[in-house]
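K.L.:
This is a predicted model, with the sequence first.
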Amino acid sequence: MTQIFEALPGIEVPVGAVGHGLRSMWMDAAAHGRPAPASEDATATQVNLVLHLGFNTTTEDAIAQFETAARFSRRYPSRVVILCPLRDEEDAEHGMRAKIYGECTLGKSRDDTRCCEFVLLSYPLRQRQFLENQVSISITSDLPLYYWPHRFSNNNALADYHYLLTRSKRTLIDSAVALPESLSYPWPRPEAVHDLAYSRLLHVRQAIGQFLSRYPMDALCEGLQEVIVGHGANHPAEARALLGWLRDRIGLCGKNRAEFRTEDDSSHGPGSCSVRFVYDNAKAFTWTADLTQGYSLFEADYGSGRTIFCATTKLLVPEEALSDAVFF
Amino acid sequence: MAESDRHPFLQGLSKHRGAPPTVIVIFGASGDLTARKLIPAVYNLSYDNLLPADFFLVGFGRKEIPDEKFRELAAGAVKEFSRRELQADVWSRVASQTTYVAGGYDDRGAFDRLAAHISGIEKKLGREVQPLFYISTPPSVFKPILVNLGASGLASKYLGQPHHAKVIVEKPFGRDLSSARELNAAIQAHFAENQVYRIDHYLGKETVQDLLVQRFANAIFEPLWNRNFISSVQITVAEEVGVGSRAGYYEQSGCLRDMIQNHTMQLLALTAMEPPVSLEAESIRDEKVKVLKAVQPFSVDCGGDVARAQYSAGMTAGIPVPGYLEEPGVSPQSATETFAAVRLSINNWRWQGVPFYLRSGKRFARRVSEIAIQFRRPPGTLFAEGDRFDLAVNTLAFQIQPDEGSSLVLNGKIPGLETRTQPVKMSFRYATTFGSNTPEAYERLVLDAMIGDGTLFIRGDEAETSWKLYTPVLDFWRLKGKEGMDAYPAGSWGPKSADALLARDGYLWRQP
């Protein structure tokens, strides 16, 4: 994790001087003619986002998540706090360290200059009891807090992050990189946990929802025996999330005896995904997609002839999925 | 529609992501508004994946234009006017479903062809498609279009179902009360009110919608939002440009019709209305109508509640510009006002005694639209000693364009041993906080009409109530000709007669 902290962008400052460091950073940027928040506007922040990197995060992965947070922050100006834990045995000599980073995006006019600020904290695990106090003074008070534990894999550690888990409006988990059971950990506020894999499926849910909404629910549910979500190697988590959504929707039919399952099917490529409704009668529905290429095909027959329909269907890119999980 | 009433496969999705299969028919397809606003709006909705999968665009106009040529024109409009660059894969989705039907607006046969065209789309698709008619033509052909939509059966298509035919009507909604009533009657002869979407693009602006949020989602404002704490309200819709190439239209219209009667009155209604019982369209529109009905008739005489003027030669952005009467296409004897201001009184429990000042004009010092709420001064004499205290009136301003946002002027202490005060301004800028690439008003409004949400549209009785107030003013001005017409230099903040409207009450116009 030391390498991650070193590899992420930013200027190292004393942990106790984060606020002063941010102010100096902007003054320095303005003095050198670089984009900086106009002094009378200060920084306009909408949200606090705490990205907590798990021990399984590699340096490349950390940089990718940092960049996702940065792109999100360009759209929704944020105070981003990135937490980099150190294993006690590997970094015994290190205490807590801090880095700051900021960037402004120039828009169409001076008033369209959006700025975001990052505070990076590296901490040895043995000091984790002090971490949350440090986070509390690194975020912008009175604004919503979103907690994004990346590659979180230890439910025994939940108690260590009580502040973040209870104060945050939402906790964002990506079931594609966390353990599948992570969604059912005993989170202090399970209703606040959102799966980024589910958010990535927004356009898929919209496309399938719009297509199936042309049929009455009775027609969709009557005789339904099985719902199968197939997936290529890249999308098992999305398939699970999609299956959960379909189960919820079909569940609104009331009593039904359909079975629900996912199916590993890489015969159509690693980016493939499909949905199949199996009936005990002549009705049929299939949706097959190549999520890498971004297209999908609907085929359905609910008694009035076979309907075939093509659609553009892409997964949301990471920063869009993040904003969907945060705001919607 | 309640969430539980939606199809289960749409529940949980934003209502804006659940638009039914739709065919938008644009009347006036080769017109300026279509190119500048409507086609780019459709493109950006497609870009944001907000159009239904089964979406069709049909242009309708007098000119014979082959489908392919219409697609080319539409692509050109996106390139020139869209807030986003044309992206081939996004555009191809729209273009592949775009067609054109040529015909006269008074040609019944053309509308039968249009009906057959829509039926053909449905047949090919194998399902019913919601027809959404966008009347983007000069007002002179509103009526024949409405009549033919009725006669061809298109107006009543799928009536009684959620995907029933809908019609969007562009302003002006009449020229005065009688023509507004006539237009409403023509509309209502063929469409029920819940099928009609009268568009005022101001209502599609984020800041205007934010006004409702600021008022009713913040507990700190509502207790102060009345005559006990507010001394006056100023609403300004100012343009920096002159009449330009629109002299032909403007000479027939004038500032009162073009701006005051619609845009500023909508801003007034949202500022002054009572809290609606819900966020449903009808609840909000009911409250808007109620407050408009409480507005007292104007004293139209000189020295009364209204002022009008024309801009004279002056300077804009450092460049000398001609006066209105010297503009190409304007009659030297023109009695058309390029500026209008009114002083309104709202006779209800909340607002009695609080003057509302509305003004709009061309060739102002700068382009700005804002609502400014001015609060009463605090009681007592604590900070009233001579010149020691520079106390400003607390002013909450909602800036609608440009630089959308809001600001609040407070009084603060200047650091030092002595107690001296100075006004300070707290600002919130939409673009700084949310970025400026927010949807254009037309994107929001077209999508709202597609999903059947009339909240941001004007109801027939709203338009009539507003015309009822302003028709006596127009009649009086017509009677007087140029008598009483003031002038103001281009690039200024308006005429002296408008200043006098406020001076009587001890106020000054803001220069935002």
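P.N.:
Okay, I see it.

K.L.:
Next one: the residue nearest to residue A:76 when sequence neighbours are not counted from residue A:74, what distance?
P.N.:
Nearest residue to residue A:76, sequence neighbours excluded (Cβ to Cβ, 6 or more residues apart in numbering or on different chains): residue A:46, at 5.1 Å. Where you see a C-beta, it was placed from the backbone N, CA and C, and this is true even at glycine. For residue A:46, the distance to residue A:74 equals 12 Å [Cβ to Cβ, to the nearest Å].

K.L.:
The closest residue to chain A within the stretch 251-400 of chain B: helix or strand, and which one exactly?
P.N.:
Closest to chain A within the stretch 251-400 of chain B is residue B:399: 10.3 Å, counting by Cβ to the nearest Cβ. Following DSSP states H and E, one finds residue B:399 within strand B:395-401.

K.L.:
What pairs with that strand, parallel or antiparallel?
P.N.:
When pairs are called by DSSP bridges, strand B:395-401 turns out to pair with strand B:368-375 (antiparallel), strand B:405-414 (antiparallel).

K.L.:
which of the residues in that strand are buried?
P.N.:
B:395-400 (16 or more other Cβ atoms under 10 Å in any protein chain shown).

K.L.:
Please apply the same query to stretch A:223-242.
P.N.:
For stretch A:223-242, using 16+ other Cβ under 10 Å, the buried residues are A:223-224, A:227-232, A:234-242.

K.L.:
which intervals of the stretch 1-150 of chain B have sub-threshold pLDDT?
P.N.:
B:1 (pLDDT under 70).

K.L.:
Is stretch A:205-225 in proximity to chain B?
P.N.:
Yes - Stretch A:205-225 lies within reach of chain B by Cβ under 8 Å from any Cβ of the partner chain, at A:205-214, A:217, A:220.

K.L.:
which residues touch that stretch?
P.N.:
A:242, A:245, A:249-250, A:252-253, A:256-259, A:275, A:277-281, A:283, A:285, A:287, A:296, A:298, A:300, A:302-303, A:309, A:311, A:313, B:7-10, B:12-13, B:17-18, B:21, B:49, B:52-53, B:127 (Cβ atoms under 8 Å, 6 or more residues apart in numbering or on different chains).

K.L.:
And the buried ones among those, selectable in ChimeraX?
P.N.:
Per 16+ other Cβ under 10 Å, the buried members of those correspond to this ChimeraX selection:
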select /A:242,245,249,250,258,275,277,278,279,283,285,287,296,298,300,302,309,311,313 /B:7,8,9,10,12,13,17,18,21,49,52,53
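
K.L.:
Show me the contacts of stretch A:205-225 that map onto strands.
P.N.:
A:259, A:275, A:277-279, A:285, A:287, A:296, A:298, A:300, A:309, A:311 (DSSP state E).

K.L.:
tell me which parts of the stretch 201-328 of chain A are close to chain B?
P.N.:
A:202-203, A:205-214, A:217, A:220, A:245, A:248-249, A:252-253, A:304-305, A:307, A:309, A:311-312, A:328.

K.L.:
Which ones among those residues map onto helices?
P.N.:
Under the assignment DSSP state H, these contribute A:202-203, A:205-212, A:217, A:220, A:245, A:248-249 to helices.

K.L.:
residues near residue 282, how many?
P.N.:
With no chain named, the answer covers chain A. Applying other Cβ atoms under 10 Å in any protein chain shown, we find 9 residues neighbouring residue A:282.

K.L.:
nope, chain B please
P.N.:
For residue B:282, using other Cβ under 10 Å, the count is 15.

K.L.:
after the strand ranked longest in chain A comes which helix or strand?
P.N.:
With secondary structure taken from DSSP E, chain A has its longest strand at strand A:114-124. Going down the chain from strand A:114-124, the next helix or strand is helix A:128-138, by DSSP H and E.

K.L.:
immediately after that following helix, which helix or strand?
P.N.:
In N-to-C order, the element after helix A:128-138 by DSSP H and E is strand A:145-150.

K.L.:
Determine the set of other helices and strands touching that next one.
P.N.:
strand A:47-53, helix A:59-75, helix A:162-167, strand A:170-173 (3 or more Cβ pairs under 8 Å, 6 or more residues apart in numbering or on different chains; DSSP states H and E).

K.L.:
what do you get if the cut-off is 6 Å, keeping everything else the same?
P.N.:
strand A:47-53, strand A:170-173 (3 or more Cβ pairs under 6 Å, 6 or more residues apart in numbering or on different chains; DSSP states H and E).

K.L.:
which residues touch residue B:235?
P.N.:
B:264, B:267, B:358, B:371 (Cβ atoms under 6 Å, 6 or more residues apart in numbering or on different chains).

K.L.:
Among those, which are located in helices?
P.N.:
residue B:267.

K.L.:
Kindly indicate which of the contacts of residue B:235 lies nearest residue B:507.
P.N.:
Residue B:507 has its nearest neighbour among the contacts of residue B:235 in residue B:358, at 13.3 Å by Cβ to Cβ.

K.L.:
just to revisit the earlier point, show me how to select, in PyMOL, the buried members of the residues of stretch A:205-225 next to chain B.
P.N.:
Remark: buried members of the residues of stretch A:205-225 next to chain B, expressed as a PyMOL selection using 16+ other Cβ under 10 Å:
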select buried, chain A and resi 205+206+207+208+209+210+211+212+213+214+217+220
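
K.L.:
where does residue A:34 land in three-state SS?
P.N.:
coil (DSSP: H, G, I helix; E, B strand; the rest coil).

K.L.:
Now the closest residue to it other than its chain neighbours: phi and psi?
P.N.:
Excluding its sequence neighbours, the residue lying closest to residue A:34 (Cβ to Cβ, 6+ apart) is residue A:104, at 7.8 Å. Here is the backbone geometry of residue A:104 (degrees, to the nearest 10): phi -120, psi 140.

K.L.:
show me what contacts residue A:104?
P.N.:
A:35-36, A:113, A:115.

K.L.:
and stretch B:352-369, average pLDDT?
P.N.:
The average pLDDT for stretch B:352-369 rounds to 95.

K.L.:
List the buried residues for that stretch?
P.N.:
B:354-365, B:368-369.

K.L.:
Over to stretch B:308-327?
P.N.:
B:308-314, B:316, B:321-325, B:327.

K.L.:
can you pull the alpha-carbon coordinates of that stretch into CSV?
P.N.:
Listed next in CSV are the C-alpha coordinates belonging to stretch B:308-327 (Å, rounded to 0.1, in the frame of the first residue of the first chain):
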residue,chain,number,x,y,z
ARG,B,308,-43.5,51.5,-22.0
ALA,B,309,-40.6,52.8,-24.1
GLN,B,310,-38.5,52.3,-27.2
TYR,B,311,-34.8,52.1,-27.2
SER,B,312,-33.0,55.0,-28.9
ALA,B,313,-29.5,55.0,-30.4
GLY,B,314,-26.9,54.1,-27.9
MET,B,315,-24.0,51.8,-27.3
THR,B,316,-23.8,48.1,-26.6
ALA,B,317,-20.6,46.4,-25.6
GLY,B,318,-18.7,49.5,-26.8
ILE,B,319,-20.3,49.5,-30.2
PRO,B,320,-22.7,52.3,-31.3
VAL,B,321,-26.1,50.8,-32.2
PRO,B,322,-29.2,52.4,-33.8
GLY,B,323,-32.4,53.1,-32.1
TYR,B,324,-35.5,50.9,-32.6
LEU,B,325,-37.1,53.3,-35.1
GLU,B,326,-33.9,53.1,-37.3
GLU,B,327,-33.8,49.3,-37.3
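
K.L.:
what's next to it, contact-wise?
P.N.:
B:243, B:247, B:330, B:332, B:337-340, B:363, B:485-491, B:495.

K.L.:
just how off-centre is it within its chain?
P.N.:
Relative to its chain's centre, stretch B:308-327 lies at 25 Å (Cα atoms, centre = their mean, to the nearest Å).

K.L.:
Ok, stretch B:441-459 next?
P.N.:
On Cα atoms, centre = their mean, the centre of stretch B:441-459 falls 12 Å from the chain's centre.

K.L.:
Does it reach chain A?
P.N.:
No - using Cβ under 6 Å from any Cβ of the partner chain, stretch B:441-459 never reaches chain A; the gap is at least 12.0 Å.

K.L.:
Check which residues of that stretch are buried.
P.N.:
B:441-459.

K.L.:
Narrow those residues to those in helices?
P.N.:
Using DSSP H, the buried residues of stretch B:441-459 in helices are B:441-450.

K.L.:
If anything else comes up later, I'll come back, but that's it for now.
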